[in-house]
Structure formats: C-alpha cells, structure tokens
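In: need the 3D shape of this:
(one chain, ligands or ions: 1)
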Amino acid sequence: MRCFLIASLLALADMATAQLPFCGTRTSDQQHMLDAVQFQAERGRKDQGTVYIPLKVHSVTNDGSTSHYSAWALFESLCTLNADFLPSGIQFFLEEDIHYIANTSWNHHPEYEKGEEMMLQNNVPGMVNCYIVSDPAGNCGYFTYAGDAVALNKSCLGVRSHTWAHELGHFFSLPHTFYGWEGVDYSNGKKTSEYQSRVSTQIENKERILCRHQADRFCDTYPDYISNRWTCSPDGFSQIIMRDLHDSTFRADGSLFMSYSGDLCMNRFSADQMDAMHQSIEGPRFDLQRPDILPRSLGADSLNLIYPGEGQTVGGKKLQLTWEKVAGASYYVLQISRTNNFSVVIKNHLLRTNAALIDSLTPGKDYWWRVRAYNEFVFCAIESSVGTFTTESLPVSVWDQGEPHRTLIISPNPVVSGSYVQVMTADRQYGNGPAELHDLQGNVFAKLNPIWQGEICYLQIPPEAKGMFILRLITSSGPSQTKLIINNNQ
Ligand SMILES: [Zn+2]
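Out: Residues are numbered from 1 along each chain as shown. Got it, this is the predicted structure:
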C-alpha cells in the first residue's frame, strides 16, 4: 500500500510538470548552435580530465519582493545538475554569488523577447548564465541564442528534475533527439513519409547509414519523433511504436536528457553528445574555460548544531542560532520549521557565516531546525541532524535594582548545566572582562568567559553548577545582575 502511495505521488509530481511544455528552445536557435560547433565524431574529446565551468545563477522574483526560489532547493537542483554532467567530465561551479533580481516583467515573461531583454541586461560575460523565473514563456525552460542564456521555471526544478541538464545541453550545442519534429504530433497510423513536409530536418531512420545528416546528426542517439512530454515504459523506451521511412519499427530512447521523456526516465547524455559539448567548450564557448581552477572540497563530513541545545527553551526575539563552522564551506543554508518533517518551513536562509540572528519567532512554540553546508564546487551538501527548541512564552527580563534602564535578558532560564545561555542588555553595550556566577551567599562560584556573536554574548554554564545563582555582568553603565536557575541534566 505504501509503495503504491509513493508511486502515485511520484506520478502526480510528474504530471504537475508534465502539464507545462517541457522546453521552449526554438528550432532556429538549435540550428544556430549546431552550425557554430560543427560536431566531428572522429575528433572526440581533447582532454579526458574534468573541465570546470563557471555558472552564474540569476534568481528572479517580482517587483519589491524578497521572496526568492529557496536556496535549499536551488542547491539540490545544482547537485542533480552536476551529477547529470559527471560522466561528461563537465562540472559547474559558482565563480560568483547568486545574483538576485526583483522584476515582475522578467519573472513572468510570456514572450521570449522580455526574457532576452533580461538576459542581455544581466548576463555576465564568460559564464553560463541561468535565470530562475516563475514563467519562462510558458515552458519548463528554454535556451535562447539571442539572449545566450537559459531560463528555468521554478516549478520544474528540484532534486529529481533534469530540466537544467537538458537546457544546458542546448547551451553547449545539443539539439533535441527528435530535432525537426518540434510542434508536429506523430502518429504511427500515418505514413512517416507524409510528415516530411512538416519536419524541418531529414527524418532519421533506424539504419545508421545517414545518421550524421539526419535529425540531431548524432549516430549514437537513435530516431525519435516525439515532441510532447512522454512517459517511458519500465525498460526506459517509449510506449508508442514508431515506423521510419523504410517501415522499420522502433521505440524512442527515454534515457537521453535531450529527449522529451519524463524526469524519471532520463539519466544520460550519449558519448557523441558529450564529445559535442566539449567541442563547444573548445570552440565557440572557449571563454568559459578556467584551466587553472582548483576545486575545493569540504573539510568535514558532518555538521553539528551548537545553539540552542537540543530541547532548550529560548527567547524567540533576537535568537542567534549557531552551528559548527565547516572547513572549506562558503555557504550555509538554514531551515526552521514548525513541523518535524519540515512540511512548513518558516525560515530559509542562505548565509556566509555559521550563525543566523532570527528576530521574530512566535513565543511558546516548538521549532525544528537543520543546516546544510556547501561551497562553490560542492552542491551536494553535508547536513546536520534535526535540532529542536521551544520559544519562551515571554522573555525573562530582570530589572537591576534601582537602575531600571539596565535590562538584562537571559535565555534560557532555567538553563541546563554545561550548556550555553544567551545574554542581552537593553543598552547593548558591554564592558570587558568575565561574567561571574555567584551563589546565594554572595561567593564567586565561577568566572565565565563571554563569547561574542554580533551583539549577543554567550556564556557556558559549568557542568557542576546546580541550583539558584546570581549572574553578574559589567555593562558600560555599570554592574548588572539577574537570578539564574541551573538544572542538572542527570
Ligand atoms: Zn529542449
């Protein structure tokens, strides 16, 4: 039953994107790219090593909005993209940060002209420019020769989507496997020769004699006449049986990214297609080459959350979440959710540091959080385990005696011995020197070294402390103190 449900859900997910035309790359643009590269099968690939190509991601949203395609999903899509290209020896990296654009007419562009305007105004020369938008002219994506970039539909990206690989195939000169049949509905009830007047290329036959001159001009991609999105049989080939000009029957190969088969079917470029992409990089796309680039890996295979500790109750205002710094990481993505399966994500932040100041969490609620680390080359992240915390119903504030302008906020309170408390004061200025933990008789129990993260100070409570204490801090306007209850977690 469960398998059936999952299968049904996958089918539904496929249908959701299947409603959109898959790719809007025009035949004239595919022809431009074919003409520019003039693929030579006998030439092969110059270098068998990995070629690193700079990718420029432009994330587009509406006027005045800051709500972009989530970084979590973006990196998952990039992870799939590099996995799809791995056998080709081409790997993408982020030479520059993501470029954020707020422009409604570019985010929703029913016509190609608006998309090309967006590209011409924003393209960074010498990089593969990719625009993530809400409506790329009614398609899941397209490449355009005039704009020299690809546009990708937010709803068609994701960890299981190969839309990005398909569009970058076009960027590196590859036409569709059914090239020439775009916009033509094939039916095997009609003689194939009757289609020739509507098909813009020589119709490809099953026999390989003229394959270098037919359809996509690759001999290791077999004939394909299907220009609508289709679902493959379990063997990866089309359910529809086609007949070529000699009445030989065949089925289309759904494993190829440059076909229109579903995301669950496609998983490869052919050897000739991979060589053609390299010939594009060695030829017209030579300005993408970065021969001296050294890829960097991450220096860890795990990531631990630091604050709040597991199950802690903390203030929801100006809560600074922190996690371990990962050597070699350039980006962290933080997710905070109100549900343990992250079905409702309320914060989704792309960060350069191993901390995030969260300003406004609803008091008295449970939260789940997790973090992933990446760098410019590593898009398949390492991920923390899921942490949980609860926000206090009200922040605990204690007025220093006789000095009402000096407010000291401690969170959490009570705190578990050995864990951290966050300390904030109203005037946000602190003196130097350690904080002191006094017992109720006024004796110094421990001196605590403050750890600063922005305007918040962290203090680690000694593991041996238990009971009620007075925490004393020196702020710029004098000493400040508050009661602190410490529970032992044994
Ligand atoms: Zn396409």
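In: what about Ile209, neighbour count?
Out: Ile209 has 9 neighbouring residues, counting by other C-beta atoms under 10 Å. For glycine as for every other residue, the C-beta is placed from the backbone atoms N, C-alpha and C.
In: just the pLDDT for it.
Out: pLDDT, Ile209: 93.
In: repeat that for the one 10 residues further on.
Out: The predicted local confidence for Cys219 comes out at a pLDDT of 96.
In: what residue, apart from its backbone neighbours, is nearest it spatially?
Out: Nearest in space to Cys219, with sequence neighbours left out and distances taken as C-beta to C-beta, 6 or more residues apart in numbering, is Cys211 at 4.0 Å.
In: for Thr322, see how far away Gly311 is.
Out: Per C-beta to C-beta, to the nearest Å, Gly311 is found 16 Å from Thr322.
In: cool, Glu383 as well?
Out: The value you get for Glu383 to Thr322, if C-beta to C-beta is used, is 16 Å.
In: and the two? which has more neighbours close in?
Out: Per other C-beta under 10 Å, whichever of Glu383 and Thr322 has more neighbours is Thr322, with 21 against 13.
In: confirm that one sits in a helix?
Out: No: read with DSSP: H, G, I helix; E, B strand; the rest coil, Thr322 is strand and lies in no helix.
In: and Leu321, what is it in contact with?
Out: By C-beta atoms under 8 Å, 6 or more residues apart in numbering, the contact set of Leu321 is 305, 307-308, 334, 336, 355-356, 358, 369.
In: per-residue confidence at it?
Out: 96.
In: is the residue nearest to Cys219 in contact with Phe218, as I believe?
Out: Yes: counting by C-beta atoms under 8 Å, Cys211 does reach Phe218; the two are 7.1 Å apart.
In: who's more crowded, those two?
Out: It is Phe218, of Cys211 and Phe218, that has more neighbours when counted by other C-beta under 10 Å, with 26 against 21.
In: residues contacting that one?
Out: For Phe218, the contacting residues are 39, 177, 211, 270, 272-273, 276, by C-beta under 8 Å, 6+ apart.
In: for the ion, give me its nearest residue in this protein.
Out: Closest residue of the chain to the ion, C-beta to the ion: Cys23 (2.9 Å).
In: that residue: neighbour count?
Out: For Cys23, the count of nearby residues is 25 (other C-beta under 10 Å).
In: residues contacting it?
Out: 139-142, 163, 166-167, 170, 176, 260.
In: quick check: which element contains Leu334?
Out: Assigning secondary structure by DSSP states H and E places Leu334 in strand 331-337.
In: contact partners of that strand?
Out: Residues from elsewhere that reach strand 331-337, judged by C-beta under 8 Å, 6+ apart: 71-72, 75, 321, 323, 326, 342-354, 356, 358, 361, 367-375, 381.
In: stretch 58-70 too?
Out: So stretch 58-70 is in contact with 74, 98-104, 106-108, 118, 122, 129-134, 154, 157, 345, 348, going by C-beta under 8 Å, 6+ apart.
In: okay, how far is it across it, tip to tip?
Out: End-to-end distance for stretch 58-70, by C-alpha to C-alpha, to the nearest Å: 13 Å.
In: can you point out the buried residues in it?
Out: Within stretch 58-70, the residues that qualify as buried by neighbour count (16 or more other C-beta atoms under 10 Å) are 58-61, 68-70.
In: what about the helices in the protein?
Out: 2-18, 27-37, 71-85, 104-107, 112-122, 163-171, 271-282 (DSSP state H).
In: list the buried residues of the fifth one.
Out: Residues of helix 112-122 classed as buried: 112, 114-119, 122 (neighbour count, 16+ other C-beta under 10 Å).
In: in JSON lines, list the contacts of Phe218 along with distance to Tyr222.
Out: JSON lines is the format used below for the contacts of Phe218 (distance: C-beta to C-beta, whole Å):
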{"residue": "Phe39", "distance to Tyr222": "17"}
{"residue": "Thr177", "distance to Tyr222": "8"}
{"residue": "Cys211", "distance to Tyr222": "9"}
{"residue": "Ser270", "distance to Tyr222": "9"}
{"residue": "Asp272", "distance to Tyr222": "12"}
{"residue": "Gln273", "distance to Tyr222": "13"}
{"residue": "Ala276", "distance to Tyr222": "16"}
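In: okay, now the domains of this structure?
Out: Following automatic domain parsing, one finds the domains of the chain at 16-174+272-288, 175-266, 305-391, 397-487.
In: how about Gln30: what's its closest non-neighbour residue?
Out: In space, Gln30 is closest to Pro175, 4.1 Å off (C-beta to C-beta, 6+ apart).
In: next, count neighbours for that neighbour.
Out: Residues near Pro175, counting by other C-beta under 10 Å, number 26.
In: ok, Glu464 next?
Out: Neighbourhood size, Glu464 [other C-beta under 10 Å]: 11.
In: just give me the neighbour total for the residue nearest to it when sequence neighbours are not counted.
Out: Among residues not flanking Glu464 along the chain, Ser417 sits closest, at 7.1 Å (C-beta to C-beta, 6+ apart). Close neighbours of Ser417, defined as other C-beta under 10 Å, add up to 18.
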